[in-house]
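# dropping the sequence and predicted coords here.
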Amino acid sequence: MSTVIETTRFSVLDRSRTREGATAPQALRDTVALAQDLERLGYHRLWVSEHHGVPGVAGSAPTVLAAAVAAATRTIRVGTGGVMLPNHRPLVVAEQFGVLESLFPGRIDMGVGRSVGFTDGVRRALGRGKDAAGADDFAGQLDELLAFFTGTSPTHVHARPSEGLRVPPYVLAMGEGASIAARAGLPMVIGDFRGREKMLRGIDRYRAEFRPSAWAEEPYVVISGTVAVAGSEPEARRLLLPEAWSMAYSRTHGTFPPLPPAERVAALEMTAKERELYESGLRGHIVGTEQQVAAGLEEVIGASGAQEVLVTTSTYDRDGLLESYRRLARIARLSPLQGPAGG
């Protein structure tokens, strides 16, 4: 097995995707159960996401869900990928993560991003416009958030119980996010594998602009994308069909639906536009047998120099997804039930 793979951390972002015929509460319980399985397999962390008003995603309150995940596990790191700062006041975010870190010391990660709502209606309900995701605004919000942990907030407000705690922060790099992470001296999460050249340019910019900080002495890169492993390449690719169709549907109908079974997706009659988007959604991922996936991972890790891979795979078939993670753990030679490690 490749040394470059064996020395790389592997983690998972689960979006709590709803599945046809199942409820949103079941999707949340599935995320908690998956975290327990991933812990047994030896994955480094499980992150949850923030989405609002999306029919196909149950994860709307990531810090609440992270608390449930952390309470149901004992060694795997737990965090957010991420909390979207434009939707929240930095003080409230600091307090939430301070509570999480106090309850589950040494296991909590604070991943933050700058996306806003999926639709105009959601943005209005959040009290935010599209301009709330501006790079300058986000950089200021990030500085304000971190200051509550270091006790250096110019507001002279003390975040309780956050002040003095070390909750590792991560920046989800979109657009200017790489430069923001670099200037703040923070680890960066960047994806996805389908935009390989853009991803590599972002990583180069991040490393070139990185300034050491109290949070990180040197650059730390997490690359994010879809990985699917099965006994054959067609079997692995079948896992991708539900998500590819949901993405194509959302871009042609304006709503993101629950994941359908792969068999139903394969039998659908699609419009030309739907077919184009659907087939595009199937390309560029790391998919196949264990040997094929190992080769794909070795290539992307080698090109990026990333220290960690954050896998973001979603599919209707929960058993198939778990088997994919089992096979990936075998490729990476993960150590089951490893103790909590540093951020």
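That came through, no problem. Numbers count the residues shown, from 1 in each chain.

# could you use CA atoms for every contact and neighbour count after this?
Noted.

# and for the residue nearest to residue 213 when sequence neighbours are not counted, the neighbour number?
Closest residue to residue 213 apart from its sequence neighbours, by Cα to Cα, 6 or more residues apart in numbering: residue 185 at 4.9 Å. By the measure other Cα atoms under 10 Å, the count of residues near residue 185 is 25.

# which residue sits farthest out from the middle of the chain?
The outermost residue of the chain, judged against the average C-alpha position, is residue 156 (32.7 Å), by Cα atoms, centre = their mean.

# please tell me how far it sits from residue 144.
Computed with Cα to Cα, to the nearest Å, the distance linking residue 156 and residue 144 is 11 Å.

# what sits against the residue nearest to residue 213?
Residue 185 makes contact with 210-219 under the criterion Cα atoms under 8 Å, 6 or more residues apart in numbering.

# what do you get if the cut-off is 6 Å, keeping everything else the same?
For residue 185, the set of contacting residues under the criterion of Cα atoms under 6 Å, 6 or more residues apart in numbering consists of 210-213, 216.

# any chance of these in JSON lines, with pLDDT, secondary structure and distance to residue 287 too?
As requested, these are exported to JSON lines (pLDDT from 0 to 100; DSSP: H, G, I helix; E, B strand; the rest coil; distance: Cα to Cα, whole Å):
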{"residue": "210", "pLDDT": "97", "secondary structure": "coil", "distance to residue 287": "32"}
{"residue": "211", "pLDDT": "97", "secondary structure": "coil", "distance to residue 287": "36"}
{"residue": "212", "pLDDT": "97", "secondary structure": "coil", "distance to residue 287": "36"}
{"residue": "213", "pLDDT": "96", "secondary structure": "coil", "distance to residue 287": "37"}
{"residue": "216", "pLDDT": "96", "secondary structure": "coil", "distance to residue 287": "33"}
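
# list just the nearest of those to residue 261.
Residue 261 has its nearest neighbour among these in residue 216, at 42.8 Å by Cα to Cα.

# in three-state terms, label the residue farthest from the centre of the chain for me.
Residue 156 carries the three-state label coil when classified by DSSP: H, G, I helix; E, B strand; the rest coil.

# from residue 140, how far off is residue 169?
In this structure, residue 169 and residue 140 are 15 Å apart, going by Cα to Cα.

# quick one: which of the two has more around it?
Ranked by neighbour count (other Cα under 10 Å), residue 169 and residue 140 place residue 169 first, with 23 against 12.

# looks to me like residue 276 is in a strand.
No: under three-state DSSP, residue 276 falls outside any strand and is assigned helix.

# which residues are in contact with the longest helix that the chain contains?
If each helix of the chain is counted by residues according to DSSP state H, the longest one is helix 24-41. By Cα under 6 Å, 6+ apart, the list of residues contacting helix 24-41 from outside reads 16, 18, 58, 69, 73, 76, 336-337.

# could you do stretch 149-158 as well?
For stretch 149-158, the surrounding residues in contact (Cα under 6 Å, 6+ apart) are 147, 162-164.

# which one of those sits closest to residue 190?
Sorting the contacts of stretch 149-158 by distance to residue 190 puts residue 147 at the head of the list, at 24.1 Å, by Cα to Cα.

# how far does the helix or strand harbouring the closest one sit from its chain's centre?
Of the helices and strands defined by DSSP states H and E, residue 147 is found in helix 135-150. Centre-to-centre, helix 135-150 and its host chain are 20 Å apart (Cα atoms, centre = their mean, to the nearest Å).

# can you count the residues close to the closest residue to residue 48 other than its chain neighbours?
With sequence-adjacent residues excluded and distances taken as Cα to Cα, 6+ apart, residue 48 is closest to residue 80, at 4.9 Å. As a burial measure, the neighbour count of residue 80 was computed by other Cα under 10 Å and equals 27.

# roughly how far does residue 80 sit from residue 31?
When distance is defined by Cα to Cα, residue 80 is 13 Å away from residue 31.

# again with residue 188
Residue 188 sits 24 Å away from residue 31, going by Cα to Cα.
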